[in-house]
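> here is a sequence with its predicted model. Questions after.
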Amino acid sequence: MPSTLDVRYLVVGGGGGGGSDMGGGGGAGGYLAGNTATINTSTTYTVTVGAGGTGAPPGISQVRGSSGTNSSFFNYTAIGGGGGASEYGNNNSPAASGGSGGGAAGSSSTTGGSGTSG
């Protein structure tokens, strides 16, 4: 067996949970892909698989959906998706930023979360 291998990789963060009360959807986890990672065959590598976020509880005046968690392999980390906003009538529970930002609640007074590179 060779001492090193060139590998292709795909790392995807966990998706964000959705909001409630005409809330926005959770954002997708960020992803990184390529075929340029060289690994040592005698080394043990840690792989972390990010969990998806939980949705907001039903009803008014709720918190936003929780963000997904990051996934990682080698030196690559994919950012989890942002949680979706809750409460369509105001911006008390705004969308979170993440790999893809969480969606805005169903009102013109709210905005979606920002996407983050990685």
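Thanks, I have it. All values reported here derive from a predicted model rather than from experimental measurement.

> what's the neighbour count on the residue nearest to Gly113 when sequence neighbours are not counted?
Using Cβ to Cβ, 6 or more residues apart in numbering and skipping residues adjacent in sequence, the residue nearest Gly113 is Gly101, 2.9 Å away. Backbone N, C-alpha and C define where each C-beta goes, glycine included. Under the neighbour criterion other Cβ atoms under 10 Å, Gly101 is assigned a count of 26.

> phi and psi next, for Gly101.
The phi and psi values for Gly101, taken as degrees, to the nearest 10, are phi -70, psi 150.

> isn't it right next to Pro94, touching?
No: judged on Cβ atoms under 8 Å, Gly101 makes no contact with Pro94 at a distance of 10.0 Å.

> quick one: mean pLDDT for stretch 104-118?
On average, the pLDDT along stretch 104-118 is 80.

> overlap in contacts of Gly101 and Pro94?
Gly113 (Cβ atoms under 8 Å, 6 or more residues apart in numbering).

> for this protein, give me the ranges with low pLDDT.
89-91, 108-109, 118 (pLDDT under 70).

> that one: strands as residue ranges?
Applying DSSP state E to the chain gives strands spanning 4-12, 31-40, 47-48, 71-73, 76-78.

> alright, I will stop here.
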